[in-house]
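Visitor: Structure, please.
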Amino acid sequence: MTSHAQAHPAAVSTRHSAYVAMRDGVRLAVEIWLPPGTVETAERVTTLCWFTRYWRAMLRDGPEPRAYGEAVAQAGFAFVHVDARGSGASFGVRLVEYSDDEVADMGEIIDWIAAQPWSDGRVATGGVSYVGNTAELAASLGRPALCAAVPQFTDYDFFDQILFPGGLLNRGFVDSWGQFVRALDRNDIALLRTRFAALGFADTRGVKPVDGAETALADALADHEANGYYLDACRSWTFRDDVAGVNDSGALIRRKPLFTYARALEQAQTPMLHWIGWLDSATAAGALARFAALDAPNTILIGPWTHGATARADVFDDARQPVVPSPAAQRALILRYIADAAAGRPGPGRCVIYYTMGEGAWRRTRVWPPRTVSPQTLFLHADGALRDEAPTAREATCVYVVDVEAGTGDATRWTTSMGGGPVAYGDRVAADARLLTFTAAPLDAPLAIVGAPQVTLELSSSHADIAVIAYLEAVAPDGQVRYLTEGALRAVHRRIHPGRSPHDPFAPNRSFLRADAWPLTPGEPATLTFNLIPTAVRVPAGWRMRLALAGADKDTFARIPADGRPEWRLFAQSDAASWLVLPVDSDPAPGDELERLLW
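Guide: Residues are numbered from 1 along each chain as shown. As a prediction, the model looks like this:
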């Protein structure tokens, strides 16, 4: 018998599905692709395993497109795709995402794979988004057979980085995702074909039953009727401790964020290659927080990508440009990483490999931020300027009445989270006319921003709770305005604790818990400090940096407060200043090709 992964381009892989019983008798549906000849030759191969709640496979009106599993098998690996309990063709109930039972199932499936006659005893996990989260959760279990994990576009802190960025409800994502998973669990073909056609369900005939157990699907779907949908109550939530499901006895079940598994992940020491996009919600913040928190062989790869790396997303490039690497090349990189890890060569180890937008260069660093990055402070002045010099006026303020019609459009870092749609903010001249803006003088030389900008605002408000959204932008010599990144804070969450935050060591340490609520006193000044989402971007000489402040994004976030138009008074004076801190790389390392940095 042999144990290797090599291409079999001429023959066809074998594919079948089966039920695997868990410790409590719940049966999970698994789809299995094996390389050509594996069964006939008794060849043993390494396995890539995905755990999903988005169906491991579906029936279609027409022929099924070439499956990812087929491509993996053609490369000489087994591919196992699993319907998580309470989803797809699997039995069981899911009251909350990533429950303890769901995580425990992952360990049992890994053990089951390792014991199969076609397995060489080595398993890797991977996947995008929800599936990527499961890859990391599986790695936290420390199973001996698990040799690597490749989580892509994951949510290290689902509260602050996707559902409630800065405490603001990401209304569009919550509504769409909640409706989507309910349709999946109910096998609602009509809704999936219409509302979610763009996600690949235009020709679906429903979830694929397990081979030889077609009649079992109805019983599995009956189990799903008891599923809990904790996002249904999302519009009433304000705090991190509001996020919960309810079990049969009415007790709350908290969804555990990935960062609570940090110590288990560190102990497991599983080599991991994390794929993230600079413009994919706030996943970059989570990836860098993970890198800082864990002393583990994590390679963080951050590129110019939409969610899932299905399209290009560079603030200085046309979104219609081809994605690089191509989908096939991405898959090849992942499989090479897994093959190396299975052979005891776990890639580049603990480092960040990142792409600089506006420059087109890849770099690698063993520390974050890179050692050549230092803070540059720009102060907000009452005349609308951003300057190095602090304000000297004894009294200087800017009054802003929140424009509730301000927005960012329908192709943003937040909309791409549902299916990997394009990110294209366009020229923000008209958008900025609704905002409070502060603009710097033209740059004498190119400016490399690498890391998370931070704003500190001294302001008073007519309302006790407000939304503050800060956009970092670049203004071209011809007046066009480019979006670079953004950050937000709901004022009730403004309290900061000493020490480092467990969910983002680079950001002010705020808990988002009910016990730490601290509303504003209308008319009284308060200090609001928060990070913008990290970025790596090179702004050309002659351009001007801009900070634009908003109190609403009608296209993305729920309105805070729900009624009324808050009036702010922003202080820009000697004893009450407001400022922006940029992480500036004064001496960037030379760029290189991505593949050379990975090996």
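Visitor: Which parts of the stretch 351-500 of the chain are strands?
Guide: Using DSSP state E, counting those that start in this stretch, the strands of the stretch 351-500 of the chain run over 351-356, 361-365, 373-380, 386-387, 397-401, 436-439, 447-451, 454-461, 467-475, 481-490.
Visitor: now those strands in TSV, with mean pLDDT?
Guide: Shown next, in TSV, are these (pLDDT from 0 to 100):
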stretch	mean pLDDT
strand 351-356	98
strand 361-365	97
strand 373-380	98
strand 386-387	98
strand 397-401	97
strand 436-439	98
strand 447-451	98
strand 454-461	98
strand 467-475	98
strand 481-490	98
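Visitor: Please identify which of these is closest to Leu184.
Guide: strand 481-490 (29.9 Å; Cβ to Cβ). In short, each C-beta sits where N, CA and C put it, glycine included.
Visitor: Can you work out which other helices and strands pack against the closest one?
Guide: If contacts are counted by 3 or more Cβ pairs under 8 Å, 6 or more residues apart in numbering; DSSP states H and E, strand 481-490 sits against helix 429-432, strand 467-475, strand 526-531, strand 535-539.
Visitor: where does the stretch 1-150 of the chain dip in pLDDT?
Guide: Confidence mapping of the stretch 1-150 of the chain against pLDDT under 70 gives the ranges 1-10.
Visitor: in it, which spans are helices?
Guide: Using DSSP state H, counting those that start in this stretch, the helices of the stretch 1-150 of the chain run over 38-41, 68-74, 100-114, 130-139.
Visitor: among the helices and strands packed on strand 481-490, which is nearest Ala284?
Guide: strand 535-539 (7.4 Å).
Visitor: can you state the direction angle for the closest one and strand 351-356?
Guide: If you take axes from the mean of the first three to the mean of the last three Cα atoms, to 10 degrees, strand 535-539 sits at 40 degrees to strand 351-356.
Visitor: Check which helices and strands strand 535-539 sits against.
Guide: strand 351-356, strand 447-451, strand 481-490.
Visitor: And for stretch 513-524, what's in contact with it?
Guide: If you take Cβ atoms under 8 Å, 6 or more residues apart in numbering as the criterion, stretch 513-524 is touched by 238-242, 460-466, 491-495, 497, 510, 526.
Visitor: ok, of these, which come out buried?
Guide: 238-240, 242, 460-463, 465-466, 491-494, 510 (16 or more other Cβ atoms under 10 Å).
Visitor: The most centrally placed residue in the chain and Gln161, how far apart?
Guide: Nearest residue to the geometric centre of the chain (Cα atoms, centre = their mean): Thr283, 3.3 Å. Between Thr283 and Gln161 the distance is 7 Å, computed by Cβ to Cβ, to the nearest Å.
Visitor: Overlap of the contact sets of these two?
Guide: Asp155.
Visitor: so where's the stretch 301-450 of the chain uncertain?
Guide: Looking at the stretch 301-450 of the chain by pLDDT under 70, you get an empty list.
Visitor: can you map out the helices along it?
Guide: Going by DSSP H, counting those that start in this stretch, the stretch 301-450 of the chain shows helices at 327-342, 429-432.
Visitor: Out of those helices, which is the most enclosed?
Guide: helix 327-342 (a mean of 19; mean count of other Cβ atoms under 10 Å).
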